[in-house]
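1. sequence and computational prediction follow.
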Amino acid sequence: MTAAARGSWDAAPCALLTLSADGTVVAANATALRWLGRAPADLVGRAALSDLLTAGGRIYWETHLSPLLHVERRVEEVALELRVPGGRLPVLLTAVAAPAPGAPLEVVHAALVSARERVRYERELLAARSAAERSAARVRALQRVSAALSVAVGVDGVAGALLGTAVAAAGAAAGTVWVADGHGGLRARGSTGEAPGDCPEPAAELLGRGPGGELLPGGGGAVRSGGGRIVVPLRGHTALEGVLSLLPRSGPAAEPLDAEVLAAAGGQGGLALERARLHEHSALVAHELQRSLLRVDPPDDPRYAVATAYRPGVEALEVGGDFYDVFLPGGEPGVLAVVVGDVVGRGLGAAAAMGQLRSAVRAVAGGGTGPGRLLARLDRFVEQVEAAAMSTVAYAELDLATGLLRYACAGHLPPLLLPARGPVRLLWEGRSTPLGAFARHGERVEAQVRLEPGDRVLLCTDGLVERRERGIDVGLELLEAAAARLGRGTEAASVRALTDELLRDERGHDDVCVLLLTWRGPGVGAPHAPAAGAAHAGA
Amino acid sequence: MDRERVLRRNNVALRGTPGAPPMALLHGFGCDQGVWRHVAPAFESTHRVVLLDHVGSGGSDLAAHDPVRHSRVEGYAEDLVEVLDALDLGAAVLVGHSVSAMIAVLVAAQRPDLVQRLVLVGPSPRYVDERGYTGGFSREEVEELLETMDGNYLGWARSTAPFIMGTPDRPELGDELTGSFCRTDPDVARCFARATFLGDNRADLRRVRTPALVVQSRVDAVAPPAVGRYVHEHLPGSELVVLDAVGHVPVLSAPGELVEVIRRYLASPVLALPAGDPART
């Protein structure tokens, strides 16, 4: 090297290094020595470039840059850090291998440019990008959680939605949802990636329990970790509804769980749990109300037997307005009244309207009213109680001495006659429109049929026969066919057999009420204890 | 998973002599199957040479990267078992470089039927120091590597960014270099780096009953000679050869010497495993 060239080499505003094939520094310019704070004898022939780098840079050199130099003969603008007196110096490294490709690597020429400002700028960019990516990922994760929670039905549904989305969003290995039992305790309500029994009950100090071990209303404020698990509080408006206990992944490459995402998911999950719990509670109240409204208590009488069944619809956990009743109308000894009806709508409102309508039937029946006039009076009743308008009712009165059955249907499915001898048939007479839809007040038709001893009459609501995928006439044919196949078991057994058969492929969307009445005949003396009177069957 | 999907997932290439004994060459962290360019041809006349890219590297199917499965070296071993089963070539010589040395060890421990011999180039079962064990790095230093990698994935620092293609001013590179060598998706690379450098597979060494050769560079800043010795001492029936090479990638820097060592080993009779080894069944 000439003196002039030597001068340029040393004066270059970047560190210049010549490396042997194995990375050892064989020449360094003055800038390089100054930056590194080394004398030539400490560096040249003594150290490899990778020795001058931070540990991260060293691995990176060995695993990425050195192979690249061998294969592509060149690396450009690689960000590294030199270990220099007083700290680290960010540099950009560009290096070329000589001679040309094809020959074995002999020498590498490297130039390192100081990049303090650039690296600072780059780090800011990188930090901004990471923050943006993190927040975008969080938003995506929370959207998934929200979407799943918004369609979840019931407490188990909410628990399942949380397990399905929050556990995955957080990158946990396993998780269990614990739900507050209302008495200060927690119960495991669902798990993913583990058996519920494998998840330890969240420790008291993670939940904010009071001195008596009760869950504090303000407790469980933050995502905590303990016992190798992350505990996410699921808070409702007023109380801790439960917790999500997560097991972090154990692999070395596992990223730590994102507490902010979990806290937000936990907030949504808590509110969803609260809503689900309240909803289940009100559904339970409505079902209880309906069952209490449907209680029947007809007196024992050997001349008839009756069985009823009520199956609530399961869709959306709401009650419907189906009802039945069996009673002895006042002022008409020897007459038994049976009724099955269906109030439009679902929920507590429909259940309440059903209760009112059912009471109204009892109030207006008897005293020689008869089925036709009874329906006409109910028309006037539903003018006062709008929620009961458009209800359908099938009403029948059986003269227990003669077997004469007088009946009338307001928009309801026709009664089905199951004679002791002969084919079953639908009683299509005595039909008129639903309650409140009748154009001329005071005129409702009725019909009558004389029963033989042992004849049966079935009343039901449309849930028994109606399906979305087929017409009602098809459903009625299936009902007739099923009824024709029934043997002469007890009324309760017959009702159960009939509902089992007709509801076998039905997923329980709609309420179903069924009532089966047998006229045993006029002259039955002694009570037939087991079969006589009322029997109730749940479907 | 069907055969075609497995082979496509790992960009499996078959070279050499059909019907000859199989030899799988497994690239390490930071590279792809291109790292074997000077080694693979030397065995093509005697072996059926299997080349592949680990998921996330080279021409592998990026969509197959599973952050859970591939957060541990064991996940890559499962991939390799699937590839070997799909190929159905019989017990193979597994030549694993760097992290692939441990991937090969895991496969030999789990499925000895798939492995005839092991050649472990620059192996390390544990990079992070612990009491009584020197892996060469502290945990903070491994985190530093991740930072360095992150720093080089920003747009302008393109050396290892996945999108760069061959430089137009150097047409001599030809088609062989598609610009993908050593380049991969940043998130995947980070995941692979954590699996590689934060894992601990020391306990897996003594599960191996397959004859093994440990090949160690004289100077290696990533897997130092002491670690190579550790692997040799804890791997029953292994042999140790120290290359005169410097650096962690003798596969590229000293391919001639490496080929010689592997040939000699494959030609030699297998060392008997220590008698009465309690772990042997």
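-> Structure's in. What do you need? Numbers count the residues shown, from 1 in each chain, chains lettered A, B, ... in the order given.

2. excluding chain neighbours, what is closest to B:Pro211?
-> B:Val270 (4.3 Å; Cβ to Cβ, 6 or more residues apart in numbering or on different chains). In short, each C-beta sits where N, CA and C put it, glycine included.

3. how about the contacts made by that neighbour?
-> Residues in contact with B:Val270 (Cβ atoms under 8 Å, 6 or more residues apart in numbering or on different chains) are B:117, B:211, B:237.

4. so how far is chain A from it?
-> 31 Å (Cβ to the nearest Cβ, to the nearest Å).

5. surely A:Thr499 touches A:Val514?
-> Yes. Look at A:Thr499 against A:Val514 with Cβ atoms under 8 Å: they come within range, at 6.0 Å.

6. which SS state does A:Leu89 fall under?
-> Following DSSP: H, G, I helix; E, B strand; the rest coil, the label given to A:Leu89 is strand.

7. now it, nearest residue through space, not along the chain?
-> A:Leu82 (4.6 Å).

8. what's around the one you found, how many residues?
-> 21 (other Cβ atoms under 10 Å in any protein chain shown).

9. okay, the helix or strand containing it in PDB with CA atoms only?
-> Using DSSP states H and E, the element containing A:Leu82 is strand A:74-84. The C-alpha trace of strand A:74-84 is given here as PDB (Å, rounded to 0.1, in the frame of the first residue of the first chain):
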ATOM      1  CA  ARG A  74     -21.700 -10.100   0.200                       C
ATOM      2  CA  VAL A  75     -23.800  -8.700   3.000                       C
ATOM      3  CA  GLU A  76     -25.100  -5.100   3.000                       C
ATOM      4  CA  GLU A  77     -26.100  -2.600   5.700                       C
ATOM      5  CA  VAL A  78     -26.500  -5.100   8.500                       C
ATOM      6  CA  ALA A  79     -27.200  -3.400  11.800                       C
ATOM      7  CA  LEU A  80     -24.800  -4.600  14.500                       C
ATOM      8  CA  GLU A  81     -23.300  -3.300  17.700                       C
ATOM      9  CA  LEU A  82     -19.600  -3.000  18.300                       C
ATOM     10  CA  ARG A  83     -18.300  -3.500  21.800                       C
ATOM     11  CA  VAL A  84     -16.300  -0.300  22.400                       C
END
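
10. tell me which residues in it are buried?
-> Buried residues in strand A:74-84, counted by 16 or more other Cβ atoms under 10 Å in any protein chain shown: A:74-76, A:78-83.

11. with pLDDT as extra columns, can I get the residues you listed in CSV?
-> CSV is the format used below for the buried residues of strand A:74-84 (pLDDT from 0 to 100):
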residue, pLDDT
A:Arg74, 85
A:Val75, 86
A:Glu76, 84
A:Val78, 85
A:Ala79, 83
A:Leu80, 87
A:Glu81, 88
A:Leu82, 91
A:Arg83, 91
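
12. for those, which one is nearest B:Pro186?
-> A:Ala79 (13.4 Å; Cβ to Cβ).

13. ok, the closest one to A:Leu126 distance?
-> Relative to A:Leu126, A:Ala79 is positioned 10 Å away (Cβ to Cβ, to the nearest Å).
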